[in-house]
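Asks: compute the structure for the input listed below.
(chains A, B, C and D)
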Number of protein chains: 4
Amino acid sequence: MITTEKKVRIGVMGASGYTGADLVRLLATHPRTEVRLLTANAHAGKPLAEVYPHLGSLDLPAMIRVEEADWSDIDVAFCGLPHGTTQEIIAALPAHLKVIDLSADFRLRDPQVYAQWYGHEHRAPALQPEAIYGLTEHYREAIRSARLVACPGCYPTAALLLLRPLVAGGLVDAGDIIIDAKSGASGSGRSVKESMLFCEVAEAMHPYNIASHRHAPEIEQELSLAAGADLLVNFTAHLIPMNRGELITAYVRLDKGASAADLRGALSEAYAGEPFVRVLPEGSVPGTRHVRGSNQCLLAVFADRVPGRAILVSTLDNLVKGSSGQAIQNMNLMLGLPETMGLEQQPLFP
Amino acid sequence: MITTEKKVRIGVMGASGYTGADLVRLLATHPRTEVRLLTANAHAGKPLAEVYPHLGSLDLPAMIRVEEADWSDIDVAFCGLPHGTTQEIIAALPAHLKVIDLSADFRLRDPQVYAQWYGHEHRAPALQPEAIYGLTEHYREAIRSARLVACPGCYPTAALLLLRPLVAGGLVDAGDIIIDAKSGASGSGRSVKESMLFCEVAEAMHPYNIASHRHAPEIEQELSLAAGADLLVNFTAHLIPMNRGELITAYVRLDKGASAADLRGALSEAYAGEPFVRVLPEGSVPGTRHVRGSNQCLLAVFADRVPGRAILVSTLDNLVKGSSGQAIQNMNLMLGLPETMGLEQQPLFP
Amino acid sequence: MITTEKKVRIGVMGASGYTGADLVRLLATHPRTEVRLLTANAHAGKPLAEVYPHLGSLDLPAMIRVEEADWSDIDVAFCGLPHGTTQEIIAALPAHLKVIDLSADFRLRDPQVYAQWYGHEHRAPALQPEAIYGLTEHYREAIRSARLVACPGCYPTAALLLLRPLVAGGLVDAGDIIIDAKSGASGSGRSVKESMLFCEVAEAMHPYNIASHRHAPEIEQELSLAAGADLLVNFTAHLIPMNRGELITAYVRLDKGASAADLRGALSEAYAGEPFVRVLPEGSVPGTRHVRGSNQCLLAVFADRVPGRAILVSTLDNLVKGSSGQAIQNMNLMLGLPETMGLEQQPLFP
Amino acid sequence: MITTEKKVRIGVMGASGYTGADLVRLLATHPRTEVRLLTANAHAGKPLAEVYPHLGSLDLPAMIRVEEADWSDIDVAFCGLPHGTTQEIIAALPAHLKVIDLSADFRLRDPQVYAQWYGHEHRAPALQPEAIYGLTEHYREAIRSARLVACPGCYPTAALLLLRPLVAGGLVDAGDIIIDAKSGASGSGRSVKESMLFCEVAEAMHPYNIASHRHAPEIEQELSLAAGADLLVNFTAHLIPMNRGELITAYVRLDKGASAADLRGALSEAYAGEPFVRVLPEGSVPGTRHVRGSNQCLLAVFADRVPGRAILVSTLDNLVKGSSGQAIQNMNLMLGLPETMGLEQQPLFP
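Replies: Residues are numbered from 1 along each chain as shown, chains lettered A, B, ... in the order given. As a prediction, this is how the structure comes out:
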C-alpha cells in the first residue's frame, strides 16, 4: 500500500507481549501508520522477529529499553506493559504524544478501587482523571479529543458492549446479572507459568480466579454508571483450550415487562451503523470462530424457558476487539482517520 | 486377570457409538465380566476393531444386528442405542435379562414430558414405571433390586450430584438456579454432522441448543422431587474444543441464611464415603483434566462477591461417570459385586 | 479502502467450500476487486453468511447454482469445485473470462496420468494444453498472459517451492527424495466424513493415503521437468490436529559435493526479492504458526549428521499460499496489478 | 482388587514430573504394588495431589527430598529424575533395591558417547556395565535378572521396536534409514518454558532439535548392535499439538530382494505372542489415538511407489509404552510377576 500522505509515527511499549505483537500485525497493513519505535526491556537489542518469527517479513526497528526511547519524532504511543508498571512511565511521557494504554493501569476511575484490586497505590493519580475509558462505541466523542485513552479489558469489552445498553435502558434487573465468561489461553499473555503449559490447558477446561477476577470491578464501574447506582455482578471466568476468542454468556432478569425481543431491539438500535458490533437475528448463535482474528463483536439475545429471564451472548477476539484492534480503532478516532482503517480484516475461519 | 469365579455374560447394544466403545473399554479390565454379544446394525458382520481399532487387542465377538441377537446366555444387556429406538427393543427383551439403558428413553418419569421433548409418544409406557433412574449415589438401594435402570444423561449427572443435596436441604433458592454447562465434543456422539467436523470445533467454542436442551427437563424432574415442588432451571450448554470432559458452573442464591461453607458441608456430608464423588476443600478449583477417563466426579463451592450468592462447580468425564462408567457402577450394584469393581482407573493426565 | 479505479468483477464457483470461503475473506480487503457472483449448488438461494457466519459483515450476492450463472459482467472466475466436476464447467465458460482453477482438474499435463490417478478420462483434454501451472514464483511470466491457470495443490506448492530450485540446479540426488508431509484438517475440505470429526482428529495424528496420495504425481511432474528426466518421489502425508498449516520435511542426498549451505544459498538466490517466499538463515526453524493465515512460505535447510545428506523444511498455510492466496496472487499477475495486492495480511499468531 | 499376597513396596524418585505421575497412575491399579515413598525436591512436604490433583483420590505418602528417603523398607525404586542428576543418586542407593531408571543416564553403553551428547562426564561409569537396556521385548531375559534397568527413551522405543528386527534380519539397508518422528507435548515434560506454552504449541507444529536430538545416538547404538556394524540414522523430531502420543514414519531401502510383505512377516514373527506389540495387517493404518493411555505399540509396513523402498510406521503413547508403562513391564519381569500385570488398561478413545 503506497500513499503519499504523511504517515503517523507509532511507538509500541511492551512489544514482546501478545498484545504488542498483535498491534504490530494490524499496524502492518494500516495504510497511514509506520512503526518507528519498539520497546521490550527483557529483549532489548533484538529484532522483533527473534521473539515473533511470524512478523519476520516486516521491516521494523530493533527493540530497545523503554528508558532509552526517544519520543521526539513519535506521534502515538501504545502501551502494552504489564499492569502496575505503566502509570509512572506514562506520566513521564512528553506532552505531545497521544497515548493509548492497553494495560489496566488507568481503567478504574477511583484510585481507591485500583489500590484494592491491584495491591498497591495508584502511581499517577493526577493523570487518572484525564484518562478516557476506551470502550469505543460508548465513549466515541470523548476519545476523539483524548490525549490518554485507557483501553478496556477483554472481558469488560465483551460484557459492556452486551450489557451497557440494557442496563442503561432499564430493561434488565441491574442487581441480578450473572456473567459466565470463557476465554482462550492468549488472554493470559506470554508469561511463562506451569499452569499455561500446553499439557495443562489442552483437552481440558476449568474456571479460574473465581470471585476475584480483576475485570469484575471494571465491569461494575461502567454498569453502575449506566444504571445510575452502584451494583455488583457475578463474573466467573473459564479457561478454554484455544488460542484466541472470548465468549460471554450472561443471565439476566427482565425488567419493566421487557421481552427478549425488546432486548434485541434495544441492542440493534444502540449499535445501528456500527462497523464492528453486530446484533444477530433471533435464533442465530454466535461462536468465537465467527470473529477470530477480526475486530468484530457479535451479540445475541435468547428468551429463557424460565419466565422473565433472558440469556445473552457476546463474542469477540480477545487480542483484537478485546485489545489491540480496539486500541487502533481508538487511535483512528484520536487522529481523525476513518474509524475502520486498518481493521477490515475478516475473521480467519477455519 | 484370571479368576475361577463365573463371569457375568454381557451384551452391548449399539456398540459402534462412543458410549458403546467406552463400555467395552472399561469392561475389558473388569474382573468379573465377559462381553459375549455386540450389536450395531450399520456395521453388522464386522469386528468391533474395524470401527474402533483402539480396541483391536481384545478378543470380542463380531457385531450383529440387534434383531439377530440371542439373549439366552446373556445376563446383562447394556443399551447404547440412539434416543427413540430403545423403548420397543427393551420391551421385547427376555425377562431374565438385567437391562441398563444409556439412552434417554426411560429417564423421564412422565411419558407426557417425554413426548413433549422427544417429539413422539413413548413406545413402552407400561415399562416406564419399572425403570429406576440410575443416578447411583442417590438411588443406590432401588438400583440394587432393579431389572431396568435408566442411566442419567451426562449433564444431569454432573448437575444433580452437585445440586440435589442442596435443594433437598433447602440451602439454595430452588426457584433461582442457573446452570452454565460446558462439554467436550464426544457428548455429541459419533454421528456425522458438518457442525462436528474438526475444523468447525477446534480453536473455537459456542453455546448450543439454547433454552431447548433435552437434559433440562431431566434435571428439573429430579430437582423438583428433591424440592418437593415443581421448578424450572436455566440450563445452557456450550461446546468446548476437547474430546472428553464436562464442567458445570452453577449460580445459586443462598437460602435460610446459609453460607458457602454450609453448602460445602452439606455436600461433604452427602458424599462422605462415596468412592467416586469428592467434595474439594475451600479454594481448590476443579478442572476436567482432573477426571479425564475416570469415573470420578469433583464438586466445589465458592462464595460469590455478590452477597447471598454462591458459585458451584461440578466436573466429570461425560463418557465415564456421565455414561458408561456410571452404567457399570449400576451393574455392579445390580449383581451384588463391589461397587467400584472395574472402575478404579485413575484419570489420564496429561 | 476507497478507490476511484474500476473494480475487477469476480465470480467464485464452489463458494461453500473452505477454499471458497478463504477466497472471499481475502478478496474482501483487496482494493481492486468486487465479488459479484457466488455459486454453490447444494446451497443455492442462501446467503453465504448462512453457511459461513464469519463472513456475515460482508455485502455479498446470494449463492446460485452454477448452471444459473450469468458470466457476462464478470471478469475473473475462481473455481473451487470438487475434483472431477471442473473440466466440463470450465470448458463451457465464455472466452472473455480469466479462469483460475483451484481444483486438481488441470494440474496434470498428461491426461493419461490424470485418468490413472483420478479414475476417469479427462473431460476437457483440448483445454489442458492451455492451462498454465500456477506455481507463481516459477511460472510468473506464463501466468501473466494466461487465460486459464491451474493452481497447484497445497502439498505440491510447499514441496516444489522447496525442491524445484535444488533439483534444477542438480544439487540433490533427484532419484532419492523423501517428502514427509504434515497438514492440518482443513486440507480435507468441508466434506462430512466420520474420519474428520473432531473426536477422531483431536489429540491424535496419523498418516493417510500412504503411497497413493494424488499430490505425488503432481510433484513428480514438476520435479521431472526440473530434472530433465522422469523421477519418482516418496511422498507421505500425515493429518495433524490443527485447522490450518502445512509443513514438509524433505530428506535429500547431496549431489555434486554440495553442502547444506550451498542448498541454502541456491534457495536464497532463487527467491531473492520474492515477496512471499523467505529462506531462513542457518539454525532458524520454521513452524506452521509463523505463516498461519498469510500468503507466506518459509524454507529452511539443515545439514544432517549423516554425511552427504540434508534435511529441508517448507511451511505454508494450506488455504492461503497453498490455495486461495496463491490463486489471488496469480489473478494479480493476470490483471497487471501489483502482485502483493490484497495479500499483505501478516500471520495470525497466537 | 483384593489380594492376600504381600505387596511390593515402591519408591518413586521425581514424582512431580509427568512420567512420575503416570507411574503412580498405573501403579494405583496394579494389584501387587504399594507406593510407599515419593520424592520431589522442589515440592518436598506437599502431598502429590497438590501438584497432581487428578491423583487426589489416592492414599499416598507426602513427597520428600530424595536425600531424606529411607530405602530400608522399599523393594523397587523408579527414577524419573532429570537427565544428569541420576547417576550419582542411583550409585548411592542400597544394594537390596531393584532400580528402574526412566532417565537417559544409563542408556548409552559407552560413557564417551554419553559425555559427548550430554555435555558432562558420566558420573557412575562403574555402574554403567551393570545397566540393562530396558527395551522389554528385546532384552527380556537380561531384564529378569537385572538389578538396574535403563528404560529406553520414548522415540527409541518406537523406533527400535519397528526397526531392530528388520536390521537384524538384514531386510533393510542399515546405512539408509530415515526416521521422521512426531510427538505430543508431554514428551517435553513439565518444565516451564515459553516454547511449551499452550499458545506456542496449539494449532501449530514444527520440527525441533534437528540433527541434534539425544535420542539419535540411542537408536544408533541399538541398531548398530543389531546390524553388527556401526551405523548412523537420520532422525528428525516434530512437536505436534496433542498431549500424548508418538508416531514414527521410517523410510527404508529394501535389501536382499525383500518386499514390504517380507518385512511385515518378519515383524509378525518377531512379535508373535507379544502382549503389547501388534503388527497390523496390510493396509491398516496406525494412529496415535489407537494407543492413547495404553502400553500398546502398533507397527505397520507399506510398500512405497518408489521401487525397492518401504514406508514403516510405529506408534505408542510416549508416557506409557514409551516410559512409565514399559518401566512397570520391566518391574513385573524383575519380580517374576505376570508381565502384563497392571498394564491391561485399554486405550482411551476418543
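Asks: quick one: the strands in chain A?
Replies: For chain A, the strands defined by DSSP state E cover A:8-13, A:33-39, A:63-64, A:76-79, A:98-101, A:132-133, A:148-150, A:178-183, A:206-208, A:234-239, A:246-253, A:277-279, A:297-303, A:309-316.
Asks: tell me if the second one is near chain C.
Replies: This points to strand A:33-39. No. Contact of strand A:33-39 with chain C is not found when judged by Cβ under 8 Å from any Cβ of the partner chain; the minimum separation is 11.9 Å. (Each C-beta comes from the backbone N, C-alpha and C, glycine too.)
Asks: how far out from the middle of the chain is that strand?
Replies: Distance, stretch centre to chain centre, for strand A:33-39: 21 Å (Cα atoms, centre = their mean, to the nearest Å).
Asks: alpha carbons only: can I get it in PDB?
Replies: What follows is strand A:33-39, C-alpha atoms only, in PDB (Å, rounded to 0.1, in the frame of the first residue of the first chain):
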ATOM      1  CA  THR A  33       0.900   4.300  10.200                       C
ATOM      2  CA  GLU A  34       4.500   3.500  10.500                       C
ATOM      3  CA  VAL A  35       6.000   1.600  13.400                       C
ATOM      4  CA  ARG A  36       9.100   3.600  14.400                       C
ATOM      5  CA  LEU A  37       9.900   2.500  17.900                       C
ATOM      6  CA  LEU A  38       9.500  -0.800  19.800                       C
ATOM      7  CA  THR A  39      10.400  -1.300  23.500                       C
END
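Asks: which parts of it are buried?
Replies: A:33, A:35-39 (16 or more other Cβ atoms under 10 Å in any protein chain shown).
Asks: can you spell out which helices and strands pack onto it?
Replies: Applying 3 or more Cβ pairs under 8 Å, 6 or more residues apart in numbering or on different chains; DSSP states H and E, one finds that strand A:33-39 contacts strand A:8-13, helix A:18-27, strand A:63-64.
Asks: among those, which is nearest chain C?
Replies: helix A:18-27 (4.4 Å; Cβ to the nearest Cβ).
Asks: does the closest one come close to chain B?
Replies: No. Helix A:18-27 does not reach chain B (Cβ under 8 Å from any Cβ); its nearest approach is 15.3 Å.
Asks: for that helix, packing partners?
Replies: Going by 3+ Cβ pairs under 8 Å, 6+ apart, helix A:18-27 lies up against strand A:8-13, strand A:33-39, helix A:325-335.
Asks: now what about that helix, what contacts it?
Replies: Taking contacts as Cβ atoms under 8 Å, 6 or more residues apart in numbering or on different chains, the residues outside helix A:18-27 that touch it are A:10, A:12-15, A:33, A:35, A:38, A:40, A:48, A:52, A:54-55, A:58, A:60, A:78, A:80, A:102, A:186, A:189-190, A:319-320, A:323-325, A:327-328, A:342-343, A:345, C:346-350, D:199.
Asks: which residues does the residue of the stretch 1-150 of chain A at minimum distance from chain C contact?
Replies: Residue nearest to chain C within the stretch 1-150 of chain A: residue A:54 (3.9 Å; Cβ to the nearest Cβ). Residue A:54 makes contact with A:21, A:25, C:289-292, C:294, C:346-347, C:349 under the criterion Cβ under 8 Å, 6+ apart.
Asks: tell me which two in those are the farthest apart.
Replies: A:21 and C:291 (14.8 Å; Cβ to Cβ).
Asks: so which of the two has more stuff around it?
Replies: For residue A:21 versus residue C:291, the count of surrounding residues by other Cβ atoms under 10 Å in any protein chain shown is larger for residue C:291: 33 against 25.
Asks: flag every buried residue along stretch A:332-339.
Replies: Neighbour-count burial for stretch A:332-339 [16+ other Cβ under 10 Å]: A:332-335, A:337-339.
Asks: right, and residue A:344 touches residue C:31 too?
Replies: No. If you go by Cβ atoms under 8 Å, residue A:344 and residue C:31 don't touch, sitting 10.5 Å apart.
Asks: can you turn the buried part of the contacts of helix A:18-27 into a PyMOL selection?
Replies: In PyMOL syntax, the buried subset of the contacts of helix A:18-27 is picked out as below (16+ other Cβ under 10 Å):
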select buried, (chain A and resi 10+12+13+14+15+33+35+38+40+48+52+54+55+58+60+78+80+102+186+189+190+319+320+323+324+325+327+328+342+343+345) or (chain C and resi 346+347+348+349+350) or (chain D and resi 199)
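Asks: reformat the strands of chain A as a markdown table; add mean pLDDT.
Replies: A markdown table is the format used below for the strands of chain A (pLDDT from 0 to 100):
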| stretch | mean pLDDT |
| --- | --- |
| strand A:8-13 | 98 |
| strand A:33-39 | 98 |
| strand A:63-64 | 98 |
| strand A:76-79 | 98 |
| strand A:98-101 | 98 |
| strand A:132-133 | 98 |
| strand A:148-150 | 98 |
| strand A:178-183 | 98 |
| strand A:206-208 | 98 |
| strand A:234-239 | 98 |
| strand A:246-253 | 98 |
| strand A:277-279 | 98 |
| strand A:297-303 | 98 |
| strand A:309-316 | 98 |
